[in-house]
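1. Give me the fold of what follows.
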Amino acid sequence: MTFNLNEDHNRELLRVLQHKLKAIHLGGGEKAIAKHKAKGKMTARERIAYLLDDKNDFLEIGAFAADGMYQEYGGAPSAGVVTGIGRVEGRLCMIVANDATVKAGAWFPMSGKKNLRAQEIAIENHLPTIYLVDSAGVFLPMQDEIFPDKEHFGRIFRNNAVMSSKGIPQIAAIMGPCVAGGAYLPIMSDEALIVKGTGYVFLAGPALVQSAIGEKADIEELGGAEMHNTLSGVCDYQAEDDKSCLDQVKSLIGKMGHGPTAGFDRVKAKAPQFEAHELMGILPADRTKPYEIRDILYRIIDADSFDEYKAGFGQSIVTGYARIDGWSVGIVANQRTLLKTAKGEMRFGGVIYSDSADKATRFIMNCNQKRIPLVFLHDVTGFMVGTRSEQGGIIKDGAKMVNAVANSVVPKFTFVIGNSYGAGNYAMCGKAYDPRLIYAWPSARIAVMGGATAANTLMQIQASALKKKGQEVDEAVQAKLLEEITERYEEQLSPYYAAARIWVDGIIDPRDTRKVISKGIESANGNPNMERFNPGVIQT
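-> Numbering: from 1, shown residues only. Predicted structure coming up:
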């Protein structure tokens, strides 16, 4: 009965996810798509599908970027740019494609953040990068939030230069407007292609040129394909249409040489011991209910591959070596069952105790010494609090774990499957600790603390402030305050709120977790340059 109730609940979460993704994939909407295609152009997602060896084998990054944001401007689905990892001519590549159906592909603040995240992943993994450019440039009404700061628009071009210095190939296809500062992105790439009749690249368009210097210029002679291939030499290839341009990109990618790898271990894959679809019935609909994390693991990892590390010690975190799609991995996962220690003490699941932190620290260090990628599965409410824990040094033990995570040099992959609260988020390799990829399940919740605790705390603070102003705060007023605060806080706990701000790279069907990890490690294996592990100051 419980299994069926859980399954119904989690399948409904998946239905909501798929419904939201379907709307996002429409970009600016059907009318905008029709207008775009009337120019003889493919949409951003059609261009990516045409490039890929297998259009269904695309790991999208940031699909929910800007979800629910910029509503005063009509919204910006996917932040007006599609990014992700896919295989082109047998090679894993990072693809960045402007969606011109969303405000002509203009750059919102989240568009810049999303592009920087794509470049960060490309740099970490030495992924060849393909830019499909079709953008009107910075979204002027919000220029102050995207133009001047360190992590704003200019950082993209800085990254172009850094990627070039690291020998990471970049190919840009100019398939629409490429204006002003945005013109530097394709030209700072190794090679640039341009589509005749629809592709344009210039620092200033005809209207701005006339306004600035009084010159009347035709758009073709100012920045068209023929001019840039015969006069300026800015572009390297000219294409007649989108498909021929993408064919040329594929041909260029296919002729690239192959470099050394990081040497992560892989053997022939085995299917998990149990079916992945059973995950739907295991994860509780009621997030306060306990469950066995190993039941989750045995539906993700290869069958008979789990070597659990310190199984009887620090049991609120499960650690061990395993294989996922044949790749060797180290698992760090929060245990959510009620626990009983060897001394007969009962402990809460989902809480990190001193011995659990100590075990995880040692295991993380071992994985770094052995060059084994790490996989973190979050369902954590934080570190244990109270007099006994504080006197036992929980802060010191937590700091050791955070230190080990921060200084890890092996690739880290993080999945928020349930709660991810407070310092537990940090210790379990949250976004601030540089996971190569971080994804959430639809059941995820991310915040400094749980909703009920936070809402009650905030309500008490607001009630106290009202009392100081001389206002009467009876039970009815407190109840109304609590309802308003809870509603607002619950919205911020949502995985969609996190994904909109790229705190996570996306929200996935739990059954796809294994695929994401495998694709992530394969990507990471392309960068042979791994630093020597130095754990810093970790007192034992």
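2. Does residue 410 touch residue 366 like I think?
-> No - with contacts counted by Cβ atoms under 8 Å, residue 410 stays clear of residue 366, the gap being 10.5 Å. The way it works is simple: take the backbone N, C-alpha and C, and place the C-beta from them, glycine included.
3. In terms of neighbours, single out the busier of these two.
-> residue 410 (22 against 14; other Cβ atoms under 10 Å).
4. and that one, what does it touch?
-> Applying Cβ atoms under 8 Å, 6 or more residues apart in numbering to residue 410 gives the contacts 330, 367, 368, 371, 372, 373, 374, 530, 533.
5. One more: residue 198?
-> Neighbouring residues of residue 198 by Cβ under 8 Å, 6+ apart: 39, 40, 41, 175, 176, 242.
6. Tell me which of the residues you listed fall in helices.
-> Secondary-structure check on the contacts of residue 198 using DSSP state H: residues within helices are residue 242.
7. Mind listing the shared neighbours of residue 410 and residue 366?
-> 330, 372.
8. What lies in contact with stretch 428-436?
-> Contacts of stretch 428-436 (Cβ under 8 Å, 6+ apart): 121, 124-125, 332, 334, 374, 376, 378, 380, 402, 405-406, 411-414, 420, 426, 438, 446, 503-504, 520, 523-524.
9. List only buried entries from those.
-> Among these, those buried by neighbour count (16 or more other Cβ atoms under 10 Å) are 121, 124-125, 332, 334, 374, 376, 378, 380, 402, 405, 411-414, 420, 426, 438, 446, 503-504, 520, 523-524.
10. So residue 371 sits against residue 263, correct?
-> Yes - applying Cβ under 8 Å, one finds residue 371 in contact with residue 263, separated by 6.8 Å.
11. Please say which of these two ends up with more neighbours.
-> Comparing residue 371 with residue 263 by other Cβ under 10 Å, the one with more neighbours is residue 371, at 16 against 10.
12. List the contacts of that one.
-> By Cβ under 8 Å, 6+ apart, the neighbours of residue 371 are 262, 263, 264, 410, 530.
13. Next SSE downstream of the biggest helix by length in the chain?
-> What stands out as the longest helix in the chain, according to DSSP H, is helix 2-24. Per DSSP states H and E, helix 2-24 leads on to helix 30-37 as the next helix or strand towards the C-terminus.
14. Quick one: distance of that next one to the chain centre.
-> Distance of helix 30-37 from the chain centroid (Cα atoms, centre = their mean, to the nearest Å) equals 28 Å.
15. Buried residues in it, which are they?
-> 32, 33, 36.
16. Redo the residues you listed as TSV? Include distance to residue 221 and pLDDT.
-> Listed next are these as TSV, based on distance: Cβ to Cβ, whole Å; pLDDT from 0 to 100:
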residue	distance to residue 221	pLDDT
32	29	96
33	30	97
36	25	96
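17. How about residue 369: what's its closest non-neighbour residue?
-> residue 533 (6.4 Å; Cβ to Cβ, 6 or more residues apart in numbering).
18. Confidence-wise, which of the contacts of residue 371 comes last?
-> Lowest-confidence member of the contacts of residue 371: residue 530, scoring 86 (pLDDT).
19. Enumerate every residue touching that residue.
-> Counting by Cβ under 8 Å, 6+ apart, residue 530 has contacts 262, 371, 409, 410.
20. now residue 238
-> Taking Cβ under 8 Å, 6+ apart as the criterion, residue 238 is in contact with 193, 194, 195, 196, 225, 226, 229.
21. Let me know the average pLDDT across the helix or strand containing residue 423.
-> Residue 423 belongs to helix 422-427 when assigned by DSSP H and E. When pLDDT is averaged along helix 422-427, the result is 93.
22. For it, name the packing helices and strands.
-> Here helix 422-427 touches strand 374-380, strand 382-383, helix 394-407, going by 3 or more Cβ pairs under 8 Å, 6 or more residues apart in numbering; DSSP states H and E.
23. okay if I get those as TSV plus mean pLDDT and distance to residue 75?
-> Formatted as TSV, those follow (pLDDT from 0 to 100; distance: least, Cβ to Cβ, whole Å):
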stretch	mean pLDDT	distance to residue 75
strand 374-380	97	29
strand 382-383	88	34
helix 394-407	93	36
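24. Between the ones you listed, which one is closest to residue 12.
-> Checking the helices and strands packed on helix 422-427 against residue 12 by Cβ to Cβ gives strand 374-380 as the closest, at 19.5 Å.
25. Would you give the sheet partners of the closest one, along with the direction of each?
-> Paired neighbours of strand 374-380 in the sheet (DSSP bridges): strand 327-334 (parallel), strand 412-421 (parallel).
26. now those strands as TSV including distance to residue 396?
-> Listed next are the strands paired with strand 374-380 as TSV, based on distance: least, Cβ to Cβ, whole Å:
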stretch	distance to residue 396
strand 327-334	19
strand 412-421	20
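27. Please report how far the residue nearest to residue 369 lies from residue 323.
-> Residue 533 sits 22 Å away from residue 323, going by Cβ to Cβ, to the nearest Å.
28. When the two are compared, which one has more neighbours?
-> The neighbour comparison of residue 533 against residue 323 (other Cβ under 10 Å) goes to residue 323, with 21 against 17.
29. Show me what the helix or strand where that one lies is packed against.
-> Secondary structure from DSSP H and E places residue 323 in strand 317-324. Secondary-structure packing of strand 317-324 (3+ Cβ pairs under 8 Å, 6+ apart): helix 293-297, strand 307-309, strand 327-334, helix 354-370, helix 513-524.
30. which residues sit against that strand?
-> Contacting residues not belonging to strand 317-324 are listed as 267, 269-270, 293-294, 297, 300-302, 305-311, 328-335, 352, 356-357, 359-360, 363, 372, 375, 514, 517-518, 521 [Cβ under 8 Å, 6+ apart].
31. Just the buried ones from the residues you listed?
-> Buried members of these, scored by 16+ other Cβ under 10 Å, are 269, 293-294, 297, 300-302, 305-306, 309-310, 328-335, 352, 356-357, 359-360, 363, 372, 375, 514, 517-518, 521.
32. State the next helix or strand along the chain beyond the helix or strand bottoming out on mean pLDDT in the chain.
-> The weakest-scoring helix or strand in the chain, judged by mean pLDDT, DSSP states H and E, is helix 451-468 (a mean of 67). Once the chain leaves helix 451-468, the next helix or strand it forms, by DSSP H and E, is helix 475-493.
33. Show me how far the helix or strand following that next one is from its chain's centre.
-> Counting by DSSP H and E, the next helix or strand C-terminal to helix 475-493 is helix 495-500. Computed by Cα atoms, centre = their mean, the chain-centroid distance of helix 495-500 equals 10 Å.
34. And for stretch 23-31?
-> Distance, centroid of stretch 23-31 to centroid of chain: 21 Å (Cα atoms, centre = their mean).
35. Pull out the buried residues from that stretch.
-> So, applying 16+ other Cβ under 10 Å, buried residues of stretch 23-31: 24, 26, 27, 28.
36. Give me the contacts around that stretch.
-> Stretch 23-31 has contacts (Cβ under 8 Å, 6+ apart) with 33, 43-45, 63-64, 67, 77-78, 80, 99, 101-103.
37. Just the buried subset of the residues you listed, written out for PyMOL, thanks.
-> The PyMOL command for the buried members of those (criterion: 16+ other Cβ under 10 Å) is given here:
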select buried, resi 33+43+44+45+63+64+67+77+78+80+99+101+102+103
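38. Which residue in the contacts of stretch 23-31 has the weakest pLDDT?
-> Ranked by pLDDT, these bottom out at residue 103, which has 93.
39. Next, the contact list for that one, please.
-> Residue 103 sits next to 28, 73, 74, 76, 80, 136, 139 when contact means Cβ under 8 Å, 6+ apart.
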